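Peer 1: dropping the sequence and predicted coords here.
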Amino acid sequence: NLFCKNNLTSLLTHHRQQQPSRHRCVHPKLYVVVLTLNPLNKLHSRAPASLYRIGSMGVPFAADALCIVALCMAVCCEAFHGQYDGAKYDELTVDEWTQVNVVADKEYFYKVILPESGTPCHECFEGNRWLAVSAHTQQLNITLESSLNVPLPPAVGVRARAATLPTSAQYQAVGNRHSPALISKLGNWTHVDDDVCYNLNSMWLPNEVGDVLYVSVTVHSVPYVSSNNVTVALFAHAGDGHQPMPGGCATTSLLEHDCMLTLSYTDILTTVSFQQADFGAPHSPNFVVAPHTCTCDYIPFMASGTTGTITYTVYRSYISNCGSDFHRTFSEADLMTTLKRLNTVEGIKKYGKPRTAGDVLASEPKDIGLDSVEGQGVVYNVLITDQFGAALYPDLDIETFQSVMTPAHSYACVLTTPDGQFQCSDLNAQPDYMAVCMIMGVVGLFLCLVGHRFYYHTIVLHLLVFWTTVAFLIMSIETKWSYMAKVGCGLAAAVVPTVLLVWAWKARNLNGLMLVFTGAMMGVLLSALVFATPLGEYSLFTVTFNFWMCFCCGILLFPVFLVAKPSWLVIAGTSIVGSYYFLYTVDYFVGSDFNDIYLNVLRRAIDPLFATSYDGNYFSADFNGCSNLAPNIGFLSAWIVLSIVSMIIQGQWTSKNVPLAEGKSFTLSFRRHWDEQNYRRLTARNPSRQYSRHEASGPSRQRLNVQHPQRQPQPQRAIFRSEPVSVDGEPDIPTERSPLLPRRSHQEADRSAGLV
């Protein structure tokens with residue numbers, strides 16, 4: 001009963017209405033202590049009357065003694081602790097990470113003793129100028145409430161409530177609902193010329209020494225999530241006059257000062273939004289040339305000047321690796337460790353990775369897009385640097401003029417179960433995606449082992465994959481269908497162009513076109529691998545036209561070099577493509593970024609913003625929102641080895657001496673056409689003589705496998721004699737040339753036969 005202030009207030013009100021003259025001086029704290037020590041009194045309306053009639057009702061003297069002791073204790077508490085707080089407050093230490101376990105839907109109270117905030121002055125930087133308090137949890141929403149020098153409850157302070165989930169389908173969630181924060185100034189600036197913001201003539205008036213900031217934390221429960229033991233991390237941080245105040249110039253927030261990050265995401269992109277920071281204290285040279293006397297207006301106005309004002313650098317750190325698509329883990333301990341690391345300037349520089357695009361100026365939009373992967377936990381934060389202050393005091397370290405926002409995390413999916421949101425649990429063993437991966441594995445093995453031998457089937461498979469991908473991209477851009485619906489409709493739509501192209505290949509002898517198409521499928525994967533290297537991080541390729549032009553050139557580059565060797569091209573193409581398909585299936589169960597080599601190309605085609613948010617490369621510590629460097633290198637090595645082994649198997653065993661189906665490459669088909677025209681020309685010139693196609697085409701007959709029309713058998717000439725055998729005085733027309741004769745003997749034989 002010592003802290004039930006609400007019950008106490010109601011009892012006192014009822015009692016004073018009945019006997020206002022006798023008990024007007026009863027102090028709440030004394031009343032509660034007496035009620036606690038006196039076992040005869042209960043919390044009902046007659047308790048106050050019975051309390052003061054203890055002696056007259058014959059209660060033993062021990063009870064009176066206990067009451068006297070309770071009164072003395074109450075007086076001592078009043079003397080040492082001052083005003084009654086109304087609740088039990090645990091103290092938070094500034095710059096100390098505090099992690100507690102709470103029960104959902106129950107309010108917990110804390111207090112922070114404000115640090116020393118300097119002395120009154122015009123232009124000075126000593127003392128702390130602001131204090132930020134934040135709370136973090138993994139999946140449940142938090143309400144954070146604070147009040148300066150006014151205990152909670154029932155006083156209503158400034159609240160940082162969890163944002164509700166939007167109904168827009170573009171973004172699925174907001175990120176600061178798990179990491180609310182409140183920031184307050186530890187004093188005030190006098191407003192001389194402007195009643196809204198401080199300026200050069202303003203004076204800093206600090207708070208009184210010993211001021212207390214009261215904080216209440218409430219975690220809200222949701223269905224299907226355990227709410228009995230929820231881990232909450234609390235952190236309080238203060239900054240001096242040199243450090244920028246995070247969110248000190250909030251322009252689009254409901255709070256006067258907002259140091260929280262807002263995260264919004266789609267399936268491939270996460271956007272980090274934040275408010276403008278403020279100087280810890282005004283700088284004298286600021287207002288000499290600027291037309292704005294208000295500091296919050298001056299900061300963006302002079303952001304692109306020679307000296308600059310405040311810059312922002314977006315950092316991120318990965319909670320753990322992505323895991324496999326078959327099974328993902330969401331460790332709460334890893335999340336709390338990463339949040340703790342990115343809570344300070346030193347930690348964000350040591351453990352965070354800055355955005356490749358560089359700093360954001362105060363005049364630029366503060367909505368930064370970064371690539372992400374569904375299910376990958378990432379902690380984001382923003383490093384704020386006062387460039388103007390650092391230039392004024394070059395002898396001080398740059399960290400003196402830096403501060404950080406409140407970190408926020410995202411998994412690009414929802415751990416709880418709100419309606420209409422993509423669940424993180426849906427990422428584990430999706431039957432439809434697993435089926436697609438298994439089919440890719442079977443197709444990959446077929447291409448690796450017998451892709452050249454069954455060239456006709458290889459062409460059909462390549463056409464189906466190509467047109468299914470095209471239809472999938474169109475539906476991803478234009479519709480909001482599910483993954484399986486897009487794959488099924490894309491496969492059905494791919495049947496029609498596949499049948500038409502196969503018919504055109506058979507009817508019009510489009511051998512060269514199909515050969516180039518087979519090599520282009522290999523070129524897609526190799527070009528995607530090239531742009532997954534550090535080359536893809538150059539700003540040149542963030543331009544859509546530059547990227548797609550170079551990518552298409554890379555696709556055609558590989559088949560052009562091997563078009564003269566059709567068998568080599570088909571064996572190399574089927575081995576490389578088939579190996580990637582097979583390892584794509586293995587990666588589904590193991591987990592790495594190997595599949596993102598190809599998927600990144602699809603993401604750029606679906607979302608133009610992905611090009612500007614692309615960060616990292618395949619050979620860096622993080623790639624595409626994941627930190628899987630070791631398995632990435634392992635899968636790439638396996639791809640190279642498996643491709644070489646597949647080429648050897650096809651070249652030496654399964655496809656040895658197997659011609660390509662339906663003719664040869666484009667160049668050899670053209671040679672065949674030239675041989676046919678040459679044969680007709682010779683026959684038209686001398687109709688009385690029957691020429692063989694061997695004479696028209698020369699020694700390329702066997703290589704081209706040209707079929708002869710039926711003709712009468714001709715007399716043979718002796719192989720090892722220079723004189724031809726003649727029948728009826730007519731010279732013999734040679735039908736075959738023996739490989740045993742040298743080239744000069746062939747020419748002499750032809751000259752003797754009258755052919756040369």
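Peer 2: That came through, no problem.
Peer 1: hey, let's count contacts and neighbours off CA atoms from now on
Peer 2: Noted.
Peer 1: and the next element down the chain from whichever helix or strand residue 561 is part of?
Peer 2: Assigned by DSSP states H and E, residue 561 falls within helix 544-562. Next in sequence after helix 544-562, counting helices and strands by DSSP H and E, comes helix 566-590.
Peer 1: may I see the buried residues of that following helix?
Peer 2: 566-567, 569-589 (16 or more other C-alpha atoms under 10 Å).
Peer 1: please name every helix or strand in contact with that helix.
Peer 2: helix 431-450, helix 511-531, helix 544-562, helix 629-649 (3 or more C-alpha pairs under 8 Å, 6 or more residues apart in numbering; DSSP states H and E).
Peer 1: next secondary structure element downstream of that helix?
Peer 2: Taking DSSP H and E, what comes next after helix 566-590 is helix 596-606.
Peer 1: what average pLDDT does that next one get?
Peer 2: Computed over helix 596-606, the mean pLDDT rounds to 90.
Peer 1: which other residues reach that helix?
Peer 2: 268, 473, 476-477, 525, 528-529, 532, 610-611, 618, 624 (C-alpha atoms under 8 Å, 6 or more residues apart in numbering).
Peer 1: ok, which pair from those residues is furthest apart?
Peer 2: 477 and 618 (26.2 Å; C-alpha to C-alpha).
Peer 1: neighbour count winner among those two?
Peer 2: residue 618 (26 against 11; other C-alpha atoms under 10 Å).
Peer 1: hmm, back to that, ok, the contacts of helix 596-606 vs residue 493, which is closest?
Peer 2: The closest of those, once distances to residue 493 are taken by C-alpha to C-alpha, is residue 473, at 12.4 Å.
Peer 1: contacts only, for the closest one.
Peer 2: Residue 473 touches 602, 605-606, counting by C-alpha under 8 Å, 6+ apart.
Peer 1: quick one: those as JSON lines, columns for distance to residue 146 too.
Peer 2: Output for those, formatted as JSON lines (distance: C-alpha to C-alpha, whole Å):
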{"residue": "602", "distance to residue 146": "47"}
{"residue": "605", "distance to residue 146": "47"}
{"residue": "606", "distance to residue 146": "44"}
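Peer 1: dump the residues you listed into TSV; add distance to residue 416 and neighbour count as well.
Peer 2: Below are those laid out as TSV (distance: C-alpha to C-alpha, whole Å; neighbours: other C-alpha atoms under 10 Å):
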residue	distance to residue 416	neighbour count
602	29	16
605	31	18
606	28	18
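Peer 1: between those residues, which is nearest residue 368?
Peer 2: Distances from residue 368 to those, taken by C-alpha to C-alpha, are shortest for residue 606, at 18.8 Å.
Peer 1: separation between that closest one and residue 599?
Peer 2: 11 Å (C-alpha to C-alpha, to the nearest Å).
Peer 1: same check on residue 560?
Peer 2: For residue 560 relative to residue 599 (C-alpha to C-alpha), the value is 25 Å.
Peer 1: what of residue 467?
Peer 2: In this view, residue 467 and residue 599 are 16 Å apart by C-alpha to C-alpha.
Peer 1: and these two? Which one has more around it.
Peer 2: A direct count of neighbours by other C-alpha under 10 Å for residue 467 and residue 599 places residue 467 higher, at 20 against 13.
Peer 1: and for that one, nearest residue in space, chain neighbours not counted?
Peer 2: Ranked by C-alpha to C-alpha, 6 or more residues apart in numbering and with sequence neighbours excluded, the top spatial neighbour of residue 467 is residue 494, at 4.8 Å.
Peer 1: where's that neighbour, which helix or strand?
Peer 2: helix 483-508.
Peer 1: same deal with residue 339?
Peer 2: helix 332-341.
Peer 1: what residues does the longest strand that the chain contains touch?
Peer 2: Assignment by DSSP state E gives strand 230-240 as the longest strand of the chain. Contacts with strand 230-240, where a contact means C-alpha under 8 Å, 6+ apart, come from 92-104, 115, 125-138, 245, 280, 336, 403.
Peer 1: please repeat the previous calculation with a cut-off of 6 Å.
Peer 2: 94-95, 97-102, 127-137 (C-alpha atoms under 6 Å, 6 or more residues apart in numbering).
Peer 1: and what of stretch 306-323?
Peer 2: Everything outside stretch 306-323 that qualifies as a contact, by C-alpha under 6 Å, 6+ apart, is 299, 303, 334-335, 352-355, 359-362, 376-388, 591, 626-628.
Peer 1: list buried residues within these.
Peer 2: Among the contacts of stretch 306-323, those classed as buried by 16+ other C-alpha under 10 Å are 299, 303, 335, 352-355, 359-362, 376-388, 591, 626-628.
Peer 1: now the contacts of strand 230-240: which count as buried?
Peer 2: Here, 16+ other C-alpha under 10 Å leaves 94, 102, 127-137 buried among the contacts of strand 230-240.
Peer 1: tell me the two of the residues you listed that are most distant?
Peer 2: Going by C-alpha to C-alpha, the pair spanning the buried ones among the contacts of strand 230-240 furthest: 102 and 127, at 34.1 Å.
Peer 1: okay, now residue 456: neighbour count?
Peer 2: So residue 456, with other C-alpha under 10 Å, has 14 neighbours.
Peer 1: so for the strand or helix carrying it, what's the average pLDDT?
Peer 2: In this structure, residue 456 sits in helix 455-478 according to DSSP H and E. Per-residue pLDDT over helix 455-478 has a mean of 93.
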